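Next come a sequence and a model predicted from it.
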Amino acid sequence: MSDCFLDESVILTDIEAKTKEQALEIVAQNLVDLNLVKKSFIPAIIQREAEYPTGLPTNGVSVAIPHTDDKHVKTETISLAILKRPVDFFIMGDGNNTTPVQLIFMLAMNEPNSQLSLLQKLMQIFQDEKTLTYIVSQKNKTDIKNLLKKKLGIT
């Protein structure tokens, strides 16, 4: 996990999206443009979200943690997108109800073990309403990056 790529280029703020698919495409396209994932990552992440929803209703700010198969990943990366206005994502494990997601933590992992470790650390962030509201209100990408690196144990 310590060598996961995370810098200001994978932190997107004030994202304008009307649907979850549009939001996912914007974030995934950024990862393609940075050559961190293959072009196949975009349809794969949208397809996987349709089959296995990742929306999580949390205190303060709902989040989503979309991810897909490692065959689409070039460099282990976590990307964060802050949406200007929430978009509905189906709730993880519940394909009938939605939650208004404003934070997307897109995972591009190529090791199943590192994904599990990352998810455990992300869950600690998701349970911390103060941290989530801070991230949503923050415009300084360096501050967001430093906070995430510290909380996720990324060097």
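Cool, got the structure. Residues are numbered from 1 along each chain as shown.

Apart from its chain neighbours, what residue comes closest to the residue nearest the centre of the chain?
Nearest to the mean C-alpha position of the chain, by C-alpha atoms, centre = their mean, lies Phe105 at 1.3 Å. Spatially, and ignoring its direct neighbours in sequence, Phe105 is nearest to Ile65 (5.0 Å; C-beta to C-beta, 6 or more residues apart in numbering). Just so you know, the C-beta spots here come from the backbone N, C-alpha and C atoms, and that holds for glycine as well.

The one you found and Leu119 touch, don't they?
Yes. The criterion here is C-beta atoms under 8 Å, and Ile65 meets it with Leu119 at 7.2 Å.

which of those two has more neighbours?
Comparing Ile65 with Leu119 by other C-beta atoms under 10 Å, the one with more neighbours is Ile65, at 23 against 15.

quick one on the thing from earlier: how near is the residue nearest to Phe105 to Lys139?
Going from Ile65 to Lys139 by C-beta to C-beta, to the nearest Å gives 23 Å.

now do Met123
26 Å.

between those two, who's got more neighbours?
A count of neighbours by other C-beta under 10 Å puts Met123 above the other of Met123 and Lys139, at 13 against 9.

Which pLDDT value goes with that one?
Looking at Met123, its pLDDT reads 91.

any idea which helix or strand carries it?
helix 112-126 (DSSP states H and E).

quick one: buried residues of that helix?
For helix 112-126, the neighbour count (16 or more other C-beta atoms under 10 Å) marks Ser114, Gln115, Ser117, Leu118, Leu122, Ile125, Phe126 as buried.

of all those residues, which two lie farthest apart?
Ser114 and Phe126 (18.1 Å; C-beta to C-beta).

Mutual contacts of Ile65 and Leu119, please.
Leu107 (C-beta atoms under 8 Å, 6 or more residues apart in numbering).

residues near Thr13, how many?
Thr13, neighbours per other C-beta under 10 Å, totals 17.
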